[in-house]
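**Student:** Following is a predicted model, sequence given first.
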Amino acid sequence: MSQPFRFPYTIGLHDTDAANLIFSANIIRICHMAYEAMLEEIGFGMAVLFEKRTMYLPVVHIEADFVKPSSTGQKVEIIARVERIGKTSYRMAYELRSMSGELCATAATVHVCADPKTREPMDIPPAFRAALSRFA
């Protein structure tokens with residue numbers, strides 16, 4: 001099994017709600033930051049995807065669970081894995097862990113590979129599939 005992608009992050013004031021806990025929607029934004037960094041690492045960063053326009057990768061499913069409170073100033077690590085690669089879609093799984101390793105939250109997103117002209121699902125290109133497999 002491959003190693004997951006690891007992304008360090010410090011919870012900012014803008015990430016939290018009035019109770020100084022991560023605001024529910026922001027967990028996905030934080031995980032998406034890790035996802036974008038992972039894409040950059042495998043050679044398919046946003047600049048490349050937008051410049052070449054050979055595929056779109058829209059999110060079609062989102063889920064998250066909170067296990068332990070996280071608040072402003074806390075240093076965490078987002079652990080990202082490509083959990084499943086299908087014909088036209090793939091599922092990303094995330095763990096948000098404290099620096100001591102405690103699980104704080106989990107999240108998942110499903111992305112569909114879509115044709116930029118028709119916006120219909122398309123087969124995941126072989127080079128992108130191979131790149132994703134690095135963190136599968």
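**Tutor:** Yes, it's here. The shown structure was predicted, so the numbers you read here are calculated from the model rather than taken from an experiment.
**Student:** where does the chain dip in pLDDT?
**Tutor:** 1 (pLDDT under 70).
**Student:** So what touches stretch 25-33?
**Tutor:** 7, 9, 14-16, 22, 62, 64, 66, 78, 80, 92, 94, 96, 105, 107, 109 (C-beta atoms under 8 Å, 6 or more residues apart in numbering). C-beta coordinates here come from the backbone N, C-alpha and C atoms, glycine included.
**Student:** And what about the residue sitting nearest the centre point of the chain, helix, strand or coil?
**Tutor:** With distances taken as C-alpha atoms, centre = their mean, the residue of the chain nearest its centroid is Y35 (3.3 Å). Following DSSP: H, G, I helix; E, B strand; the rest coil, we place Y35 in the helix state.
**Student:** Quick one: the strands in the protein, in order.
**Tutor:** Ranges of strands within the chain are 5-10, 59-66, 75-85, 89-98, 103-112, based on DSSP state E.
**Student:** Quick check: which of these is nearest to G43?
**Tutor:** Proximity to G43 (C-beta to C-beta) singles out strand 5-10 among the strands of the chain, at 13.3 Å.
**Student:** Dump that closest one to CSV, keeping only the CA atoms.
**Tutor:** Provided in CSV are the C-alpha atoms of strand 5-10 (Å, rounded to 0.1, in the frame of the first residue of the first chain):
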residue,chain,number,x,y,z
PHE,A,5,-0.3,12.6,1.3
ARG,A,6,0.3,14.6,4.4
PHE,A,7,-0.5,18.3,4.7
PRO,A,8,0.3,20.4,7.8
TYR,A,9,-2.2,23.1,8.7
THR,A,10,-2.8,25.6,11.5
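**Student:** Check which strands are paired with it and give the direction for each one.
**Tutor:** strand 75-85 (antiparallel) (DSSP bridges).
**Student:** chain center to the partner strand, what's the gap?
**Tutor:** Put simply, strand 75-85 sits 7 Å off its chain's centre (C-alpha atoms, centre = their mean, to the nearest Å).
**Student:** Okay then, goodbye and thanks.
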